[in-house]
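Colleague: Here you go, sequence then predicted model.
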Amino acid sequence: MVVGLVVLGLWAPLARADSGPSLNFTVSLAFDALEQGGMGVVRVTGADIVGVQAQFLDRLIDFYQSGNRANPVWNGLLAVNMEQKPDTYPLEITVLYDDRSRETWQGQVIVRDAGFLRQDVTVSNDLGYLLEPETDRAERARLAALVDVVTRIHYWDQKGFIKPLDSEFTSPFGAWRLYNESLWGRHTGVDLRGPAGTPLLAPAAGRVVLAERLDVRGNYVLIDHGWGVYSGLAHLSEIHVTRGQMVRQGQVIGISGSTGRSSGPHIHWEVTVNGEWVDPQQFLETQVP
Ligand SMILES: [Zn+2]
């Protein structure tokens with residue numbers, strides 16, 4: 001049996017017994033395990049800290065300060081690729097102090113199977129070029145390069161994130177999709193019910209980094225919320241923002257539709273954290289500081 005180092009319960013401080021020599025900082029994980037395509041928050045507190053970084057799943061993650069100046073909290077966002085093999089993975093957190101000394105904490109994070117669904121999707125045959133693997137690959141590569149950039153500004157406020165429209169989820173994140181019985185793909189976001197012509201809202205404040213027509217996603221808006229968090233809205237009939245524009249939470253960024261590789265009007269919302277597509281529903285439920 002694998003024993004995690006995580007104490008159950010929100011923000012419970014971890015026992016330091018597993019960390020070797022006693023450290024001058026405290027690590028708290030806000031989760032007991034992460035699922036494939038899931039994300040979670042790690043908090044570090046301690047005196048005289050000037051910087052925190054984590055190493056997790058081959059990625060270096062910068063931490064950011066919240067709280068007041070006297071008692072700052074350092075927050076890091078961990079994200080798991082939807083294809084990550086369920087297992088226990090090392091998490092290493094290094095703290096830099098104002099006297100330039102550093103300390104490292106070593107722990108583990110359990111990654112669980114997310115139980116993704118399999119779905120068959122049929123799109124119009126005149127969208128045949130959207131069923132070619134190269135079309136998918138090229139678009140994903142372009143988006144991957146954009147969402148890999150971590151902006152060190154925290155654009156969203158204490159209200160957190162909202163859904164782009166007040167509607168129910170109709171199709172889950174991460175599903176294996178077989179399009180027209182020919183092309184396999186993964187669902188990089190969630191679908192929300194909504195007729196064509198519905199105004200779509202920015203889930204949180206941020207900067208628009210893409211606002212144009214893509215092959216698979218159709219008319220698309222991608223917002224950088226800072227701290228490595230992005231959200232994208234696909235299949236719009238109209239785009240109401242431009243690249244580089246700052247948006248506030250709740251601002252109308254476009255109108256829903258069915259452009260791109262879509263089987264009918266709906267809203268596709270996707271979220272990335274530190275370059276990984278994560279489940280927007282789980283992201284919403286997570287108290288991201
Ligand atoms: Zn979708």
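Modeller: Okay, I see it.
Colleague: what does the domain assignment say about this structure?
Modeller: The chain breaks down into these structural domains: 17-112, 118-284 (assignment by automatic domain parsing).
Colleague: and whichever residue of the stretch 1-150 of the chain sits closest to the ion, what is it in contact with?
Modeller: With C-beta to the ion as the measure, Val121 is the residue of the stretch 1-150 of the chain nearest to the ion, at 9.4 Å. Placement of C-beta: from N, CA and C, glycine included. Applying C-beta atoms under 8 Å, 6 or more residues apart in numbering to Val121 gives the contacts 177-180, 263.
Colleague: In the stretch 1-150 of the chain, where is pLDDT below threshold?
Modeller: Applying pLDDT under 70 to the stretch 1-150 of the chain picks out residues 1-21.
Colleague: for it, what spans make up the helices?
Modeller: According to DSSP state H, counting those that start in this stretch, the stretch 1-150 of the chain carries its helices in the segments 133-147.
Colleague: what about the strands in it?
Modeller: For the stretch 1-150 of the chain, the strands defined by DSSP state E, counting those that start in this stretch cover 25-29, 34-35, 39-46, 49-56, 59-62, 64-66, 73-79, 87-97, 102-112, 118-121.
Colleague: Could you tell me which strands sit next to the first one in the sheet, and their orientation?
Modeller: Sheet partners assigned to strand 25-29 using DSSP bridges are listed as strand 39-46 (antiparallel).
Colleague: With just CA atoms, put the partner strand into CSV.
Modeller: Written as CSV, here are the backbone C-alpha positions of strand 39-46 (Å, rounded to 0.1, in the frame of the first residue of the first chain):
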residue,chain,number,x,y,z
MET,A,39,-5.1,20.3,-10.4
GLY,A,40,-4.5,21.3,-6.8
VAL,A,41,-3.0,24.0,-4.7
VAL,A,42,0.1,23.8,-2.5
ARG,A,43,0.8,26.4,0.1
VAL,A,44,4.1,27.2,1.8
THR,A,45,4.4,29.4,4.8
GLY,A,46,7.4,30.5,6.9
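Colleague: mind checking how far that strand is from the chain centre?
Modeller: Its chain's C-alpha centre and that of strand 39-46 lie 16 Å apart, by C-alpha atoms, centre = their mean, to the nearest Å.
Colleague: repeat for stretch 46-53
Modeller: Per C-alpha atoms, centre = their mean, the centroid offset for stretch 46-53 relative to its chain is 25 Å.
Colleague: Pull out the buried positions in it.
Modeller: Neighbour counts over stretch 46-53 (16 or more other C-beta atoms under 10 Å) mark 46, 49, 52-53 as buried.
Colleague: now, which of those sits nearest Phe31?
Modeller: Nearest to Phe31 among the buried residues of stretch 46-53 is Val52, at 17.9 Å by C-beta to C-beta.
Colleague: Spatially nearest residue to the closest one (excluding sequence neighbours)?
Modeller: Leaving aside its sequence neighbours, Val52 sits nearest to Phe63 (C-beta to C-beta, 6 or more residues apart in numbering; 3.7 Å).
Colleague: Surely the one you found and Ala54 touch.
Modeller: Yes: Phe63 lies in contact with Ala54 (C-beta atoms under 8 Å); the separation is 6.9 Å.
Colleague: Would you mind giving the strands of the stretch 1-150 of the chain as a markdown table with distance to Ala138 added?
Modeller: Listed next are those as a markdown table, based on distance: least, C-beta to C-beta, whole Å:
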| stretch | distance to Ala138 |
| --- | --- |
| strand 25-29 | 37 |
| strand 34-35 | 28 |
| strand 39-46 | 26 |
| strand 49-56 | 29 |
| strand 59-62 | 24 |
| strand 64-66 | 33 |
| strand 73-79 | 23 |
| strand 87-97 | 30 |
| strand 102-112 | 29 |
| strand 118-121 | 20 |
